[in-house]
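Chemist: model this:
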Amino acid sequence: MATYICAFNAFLIIIACLVDKYIEMKHLQSEPRHHLVNIDAYIAEESDESEDETKNLIEVEASSKPQRQAEEITPNEQEEEEDSKTYFQQIKSFPKVYWLVVIAGATTLSTIQCFLIIGPSYIIDKGYYSAELSHASVHASEVVSLFRIVAAATLPFFGFTIDSTGNRALWLLVGVTTATVTHILIIFIHPIPCCILYGICYAIVATSLWPSIYVLIPKKYLGVATGIVNAADNLGLMIYPAVNGLIKNHTGSYDYSQIFLASITLFACVCGYETYRIFKKEKIEEKVDGHHHHLHNK
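Modeler: Numbers count the residues shown, from 1 in each chain. Here you go, the predicted structure:
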């Protein structure tokens, strides 16, 4: 099922790119052009002039026609060249820190959501609810649903906090690190506090990830940039559950699956720290927020 979701997401991104390209081409075609002089009309209006003068005018018009066509086509060709770089060459020019944010944020979100897939089975396997009970799956699912409740309740709070304090990269690092700890912590303690922590981690990472993208990428390319993040998230949701299933089959326990998820978010921590270091060194937030403040004052 996750494979179909990922494929469908990639299909939507391709469709969005094609639609955007079609709109840009229609815009180029609708731009005003310099119309060529109608030679026949000109000759009819000037029929009282001599035949030699008329021939000279036709020759001048004919010789200037290619030049005017070149003047008309050249700017549009240049614009088309620039537009052709938008979704391919321009993606390669995205800054390094953007890719670090994508890895840190998207991998963390996908590992948290991956736990939701195995959560009820994991809780029953750990023996918190006996599998012999008729409502064991219901109770285990209720525990996992705490994640959604906490995430929904804290998302606006952390969004307001990040808007007020800034430090997007620092908050991203905090969320990724907390998720790594939670992946290991759930092996040793009751899943209720861990599901609450998962909800908090998800809220912190989600509310710091997207604002970080908006300060790194020009407005013209935000659609592509956010599409890449969602594609990376869905790619993780396609791979991680399959790997977790293989680990469970070979070891008989989901504890090793949690170690696997923790190892992924540990790598995300490295990317998150590097993101924070670059943000702080280059003062990215100060530059962008100062520019927005200047525009607001205008």
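Chemist: where in this structure is pLDDT low?
Modeler: 1-88, 130-134, 287-298 (pLDDT under 70).
Chemist: same thing but 80
Modeler: Applying pLDDT under 80 to the chain picks out residues 1-90, 129-135, 285-298.
Chemist: where do the helices sit along the stretch 101-250 of the chain?
Modeler: 136-165, 168-185, 191-216, 222-251 (DSSP state H, counting those that start in this stretch).
Chemist: what are the buried residues along the last one?
Modeler: Okay, so that is helix 222-251. By neighbour count on 16 or more other Cβ atoms under 10 Å, the buried set for helix 222-251 is 224-229, 231-241, 244, 247-248. All C-beta atoms are positioned from the backbone trio N, CA, C, and that covers glycine.
Chemist: quick one: closest of the helices of the stretch 101-250 of the chain to residue 284.
Modeler: Taking Cβ to Cβ as the criterion, helix 191-216 is the member of the helices of the stretch 101-250 of the chain that comes nearest to residue 284, at 6.1 Å.
Chemist: quick one: list the elements packing against that closest one.
Modeler: helix 96-125, helix 136-165, helix 168-185, helix 222-251, helix 284-297 (3 or more Cβ pairs under 8 Å, 6 or more residues apart in numbering; DSSP states H and E).
Chemist: re the thing from before, could you dump the helices of the stretch 101-250 of the chain to a markdown table with distance to residue 273?
Modeler: Shown next, in a markdown table, are the helices of the stretch 101-250 of the chain (distance: least, Cβ to Cβ, whole Å):
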| stretch | distance to residue 273 |
| --- | --- |
| helix 136-165 | 18 |
| helix 168-185 | 6 |
| helix 191-216 | 14 |
| helix 222-251 | 19 |
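Chemist: for residue 90, find the nearest of those.
Modeler: Residue 90 lies closest, by Cβ to Cβ, to one member of the helices of the stretch 101-250 of the chain: helix 222-251, at 7.8 Å.
Chemist: so that closest one versus helix 191-216, what angle?
Modeler: 150 degrees (axes from the mean of the first three to the mean of the last three Cα atoms, to 10 degrees).
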